[in-house]
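S.K.: Got a sequence here, can you model it:
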Amino acid sequence: MSNETLTKDEIVGRWMDFNINYRIRVRLTPHGREILRRNHRTLFGSRADEFRMIEVKENAEGWSEWQLWRLAHEFGSDMYMGGVQPFETTIQIDTEQRL
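M.R.: Residues are numbered from 1 along each chain as shown. Presented below is the predicted three-dimensional model:
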């Protein structure tokens, strides 16, 4: 597979190697932000207010950047068919990244 940009029709039926350490971008929903707050409270329990929650940085278009494994860790148990999604279903993958 060359490094040229492929159209959607050209990608169908093709596989691309993707390491779960690679970074992707998603747009979190309000539900996703609530999951992050809940996870923080679960981690720190009654002392959650004493520890500052790590803020997710979003660009002007609302995209936040994650390693795939971290995204799965944070939201995996909250993702199921018919459930409220923690982020929009379209994600962005940086096709030029390397480990």
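
S.K.: Which helix in the protein has the most residues?
M.R.: What stands out as the longest helix in the chain, according to DSSP state H, is helix 30-44.

S.K.: What segments of the protein are strands?
M.R.: 23-27, 63-67, 92-93 (DSSP state E).

S.K.: now for the longest helix of the chain, which elements pack on it?
M.R.: helix 68-75 (3 or more CB pairs under 8 Å, 6 or more residues apart in numbering; DSSP states H and E). Bear in mind the C-beta positions are built from the backbone N, C-alpha and C, glycine included.

S.K.: got the angle for the helix it packs on vs helix 30-44?
M.R.: Angle of helix 68-75 versus helix 30-44, following axes from the mean of the first three to the mean of the last three CA atoms, to 10 degrees, is 80 degrees.

S.K.: Quick check: buried residues in helix 68-75?
M.R.: Buried residues in helix 68-75, defined by neighbour count with 16 or more other CB atoms under 10 Å: 68, 71, 74-75.
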